[in-house]
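In: Here's my sequence, what's the structure:
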Amino acid sequence: MTCLSRLFIPLALAPPLAAAPLVYQALPDLALPPLTEPDARNLSQAIDARGKSSFLLQTGDASDGNIQFDLWTHGAWHSLPSSTSFAPLNTSTVKTRLIAGPDGTLTSLFAFNGVITGLYGVEWTPSGGVGPLQGIGVSGNFGLLDATALSDGTIAIATTFPGDRQISVAIWDGNSIVESFMTTEDPDGYFDRLTVAETSTGGVAVAAWNAVEDAGTRTRTLRYLSSARPLSATPSWSTVYSNSEPASEINFSSVADLAMQNTTLPFIAHSNSIDDTVMVSRFTIGSGWVHDTVDASPARTAPFRAYLDDQDRPAVAWTPYGTFQPRSAARNGSSWESPQVLNGISSSVGAFAVDADGFLHLSGVNESDDTIESLSPLDTTDLDGDGIVYLLEDALQSDPNDASSRELPQFDVTASDRMALSFEVPGDTTKLNGTENGILFSASENLIFNIQLSNELESWSQSSALLDTDLFTLGGRRVVVAEQVSPIGDGARKYMRLEVLRLR
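Out: Take a look at the predicted model:
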């Protein structure tokens, strides 16, 4: 028996509900490790397969080599190779990325741009801790850097080549570069932002801003390309969006982030460098690239995150320039919802991260008290440290603030050799649309309960032919008992699980 916290319900079965924003929870502040220099320069956040956050922190001044890298994961800070390995750097910028692998491995990437350039990686594993420093043989000057984990366990890395006129894309397997390509050199312009993502077929896609200045005018063009695996021939760029302004204007370098809509169609969150509005460019069948204005508030150089949310909707998160009020918005049907302000953090957001279920997490360094502040959706948060997230505790009538309160489903095999699962639910829980297929609904809590069976822990199903589901009121408590219709049988393997989703 397994107990999960997420489920997609077919639209035909889901009851109509008004959209409700996620409730966010401020997590306890995380004290920074002892610092050689107080200034926090870069913060990266990653969510592992357990749904737990890890942080990569770079502090100190890169120009004199006095920098420090620290990784926080599994409840402790770990010092990574830093100034001793690289000093004197004499480098102008450092870029960092933290990548969570499917096996629990965390890869910290450091890219240096200046007199000395290079890309390095350090792996942390649950069994071996911090590994050795590795040089990653990627061509580039690392003025720009992005990386993402791929479904096969490798990492896609995108960076700029000297002069920022070319982009190098490479696949790193933790030991060496196994695939790569480089875009054709742009003789007139230069790239000043880039982002990389995995396509639905396991390939790699890149979006990048390119700038050209000519006759007193600066033209900025958002470009997109994708390549199947293995990477080989250089793919062609397509133009997503373009605008022009006088070259004398201050260039705030619009940022961008890339994701895949419905796993196949790309969408890119970015700001418009002319009026600083938040935009999303979506590729559509038949109309090509279309452009939505999501928010008219200035975004400028604030970080963006494009992602599919927990309802599989295109979504974007950003922090308006000069504020401590990060925002998010999702596309609901044919329009974008009003932005939700994510209150509860007093520092500038340095990192957005999205977990495997599509929930957004965010964090920033508060330099006034040397802590990392974090926000996570309340439903994904374990408030009392008992290993059960708030959504399951709320759904199963447990106390989310009391670790001794653990109202988990009870599994049993009946006298007639049938698997059975019993658990408590909100008082108004009923069978969804009167069906007998193991799906239940609580209108007061907007909760869906789904009971499923499997023979091999891969494909799961529920139907009236498989499950007999009943609800009882016992001692004022609403209780569900789900029983397998057919006996288990000699030597057979059978599994039963409960999934819970809060509809929004």
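
In: hey, let's count contacts and neighbours off CA atoms from now on
Out: Fine.

In: residue contacts, the closest residue to residue 352 other than its chain neighbours?
Out: Sequence neighbours aside, residue 362 is the residue nearest to residue 352 in space, at 4.5 Å (criterion: Cα to Cα, 6 or more residues apart in numbering). With Cα atoms under 8 Å, 6 or more residues apart in numbering as the criterion, the residues that contact residue 362 are 45, 349, 350, 351, 352, 353, 374, 375, 376.

In: give me that answer again for 7 Å
Out: The contact partners of residue 362, taken as Cα atoms under 7 Å, 6 or more residues apart in numbering, are 349, 351, 352, 353, 374, 375, 376.

In: where's the third one relative to residue 378, distance?
Out: According to Cα to Cα, to the nearest Å, residue 352 and residue 378 sit 16 Å apart.

In: who has more neighbours, those two?
Out: residue 352 (24 against 17; other Cα atoms under 10 Å).

In: how far away is the more buried one from residue 53?
Out: Computed with Cα to Cα, the distance linking residue 352 and residue 53 is 11 Å.

In: Now for this protein, the helix or strand with the poorest mean pLDDT.
Out: The helix or strand of the chain with the poorest confidence is strand 2-3; it has a mean of 43 (mean pLDDT, DSSP states H and E).

In: What sits closest to residue 482 if chain neighbours are left out?
Out: Distances taken as Cα to Cα, 6+ apart place residue 469 nearest to residue 482, at 4.3 Å, with adjacent residues excluded.

In: Neighbours of that neighbour, how many?
Out: Neighbour count of residue 469, defined by other Cα under 10 Å: 24.

In: so what strands line up beside whichever strand or helix holds it?
Out: Per DSSP states H and E: residue 469 is located in strand 467-474. The partner list of strand 467-474 in its sheet, established with DSSP bridges, is strand 477-484 (antiparallel).

In: Tell me which residues of the strand it pairs with come out buried.
Out: The neighbour-count criterion (16 or more other Cα atoms under 10 Å) identifies 478, 479, 480, 481, 482, 483, 484 as the buried residues of strand 477-484.

In: Output the helix or strand that that strand is followed by as PDB, nothing but the C-alphas.
Out: Note on strand 477-484: by DSSP H and E, the next helix or strand toward the C-terminus is strand 495-502. Taking C-alpha atoms only, strand 495-502 is exported to PDB below (Å, rounded to 0.1, in the frame of the first residue of the first chain):
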ATOM      1  CA  TYR A 495      -0.900  -3.500  -4.400                       C
ATOM      2  CA  MET A 496      -3.300  -0.900  -3.300                       C
ATOM      3  CA  ARG A 497      -2.700   2.900  -2.900                       C
ATOM      4  CA  LEU A 498      -4.500   6.100  -2.000                       C
ATOM      5  CA  GLU A 499      -3.900   9.400  -3.800                       C
ATOM      6  CA  VAL A 500      -5.200  12.800  -2.700                       C
ATOM      7  CA  LEU A 501      -5.500  16.000  -4.700                       C
ATOM      8  CA  ARG A 502      -6.900  19.400  -3.600                       C
END
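
In: Show me what strand 495-502 is packed up against.
Out: Taking 3 or more Cα pairs under 7 Å, 6 or more residues apart in numbering; DSSP states H and E as the contact definition, the neighbouring helices and strands of strand 495-502 are strand 2-3, strand 447-454.

In: Local confidence estimate at the residue nearest to residue 352?
Out: At residue 362, the predicted lDDT confidence score is 92.

In: The strand holding residue 469 vs strand 447-454, what angle?
Out: 140 degrees (axes from the mean of the first three to the mean of the last three Cα atoms, to 10 degrees).

In: Touching strand 467-474 from outside, list them.
Out: 436, 437, 438, 478, 479, 480, 481, 482, 483, 484, 485.

In: 6 Å - rerun?
Out: Contacts of strand 467-474 with the rest of the structure, by Cα atoms under 6 Å, 6 or more residues apart in numbering, involve 438, 478, 479, 480, 481, 482, 483, 484, 485.

In: Also stretch 222-235?
Out: So stretch 222-235 is contacted by 179-181, 183, 203-209, 237-241 (Cα under 6 Å, 6+ apart).

In: Out of those, list just those in strands.
Out: Residues of the contacts of stretch 222-235 located in strands (DSSP state E): 179-181, 204-209, 238-241.

In: Among those residues, name the buried ones.
Out: Among the ones in strands among the contacts of stretch 222-235, those buried by neighbour count (16+ other Cα under 10 Å) are 180, 181, 204, 205, 206, 207, 208, 209, 240, 241.

In: show me the contacts for the fifth one.
Out: When you say that, I think you mean residue 206. Each residue near residue 206 by Cα under 6 Å, 6+ apart is listed here: 195, 196, 224, 225.

In: Next: the first one.
Out: For residue 180, the contacting residues are 169, 170, 231, taking Cα under 6 Å, 6+ apart as the criterion.

In: The closest residue to it other than its chain neighbours: helix or strand, and which one exactly?
Out: For residue 180, ignoring the flanking residues on the chain, the nearest one in space by Cα to Cα, 6+ apart is residue 170 at 4.1 Å. Assigned by DSSP H and E, residue 170 belongs to strand 167-172.

In: which residues are in contact with that strand?
Out: By Cα under 6 Å, 6+ apart, the list of residues contacting strand 167-172 from outside reads 154-161, 177-183.

In: switch to 8 Å and redo it
Out: For strand 167-172, contacts defined as Cα under 8 Å, 6+ apart pick out 136, 138-140, 154-161, 177-183, 231.

In: Helices of the chain, start to end?
Out: Secondary structure of the chain (DSSP state H): helices at 83-86, 390-395.

In: weakest of those helices by average pLDDT?
Out: Here these differ in mean pLDDT, and the lowest is helix 83-86 at a mean of 47.

In: and the gap between residue 236 and residue 286?
Out: 20 Å.

In: In terms of neighbours, single out the busier of these two.
Out: Here residue 236 and residue 286 are set side by side on neighbour count (other Cα under 10 Å), and the busier one is residue 236, at 12 against 6.

In: can you pull the contacts of that one?
Out: When contacts are counted by Cα under 8 Å, 6+ apart, residue 236 touches residue 225.

In: Check residue 256 too.
Out: 193-195, 207-209, 268-271, 303-305.

In: show me what contacts the most centrally placed residue in the chain?
Out: Using Cα atoms, centre = their mean, the residue of the chain that lies closest to the mean C-alpha position is residue 354, 1.8 Å off. Residue 354 is in contact with 46, 47, 307, 360, 361, counting by Cα under 8 Å, 6+ apart.

In: Buried members of the residues you listed into PyMOL, please.
Out: Those of those that meet the burial criterion (16+ other Cα under 10 Å) are gathered into one PyMOL selection, given here:
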select buried, resi 46+47+307+360+361
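
In: Would you mind putting the contacts of residue 354 into CSV with distance to residue 335 alongside?
Out: Output for these, formatted as CSV (distance: Cα to Cα, whole Å):
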residue, distance to residue 335
46, 29
47, 29
307, 16
360, 20
361, 23
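
In: So the closest residue in space to residue 328 that isn't next to it in sequence versus residue 57, what's the distance?
Out: In space, not counting the residues next to it along the chain, residue 328 is nearest to residue 317; the distance is 4.2 Å by Cα to Cα, 6+ apart. With the distance defined as Cα to Cα, residue 317 ends up 21 Å from residue 57.

In: what number of residues lie near residue 396?
Out: By other Cα under 10 Å, the residues close to residue 396 number 20.

In: ok, it touching residue 407?
Out: Yes - taking Cα atoms under 8 Å as the definition, residue 396 is a contact partner of residue 407 at 6.2 Å.

In: Now for those two: what residues contact both?
Out: With Cα under 8 Å, 6+ apart as the test, residue 396 and residue 407 both reach 423, 424.

In: low-scoring stretches of the stretch 351-500 of the chain, by residue?
Out: Scanning the stretch 351-500 of the chain for pLDDT under 70 picks out the ranges 433-436, 464.

In: now swap in the stretch 151-300 of the chain and tell me
Out: Checking the stretch 151-300 of the chain against pLDDT under 70 turns up 162, 247-255, 262-263, 273-275, 297-300.
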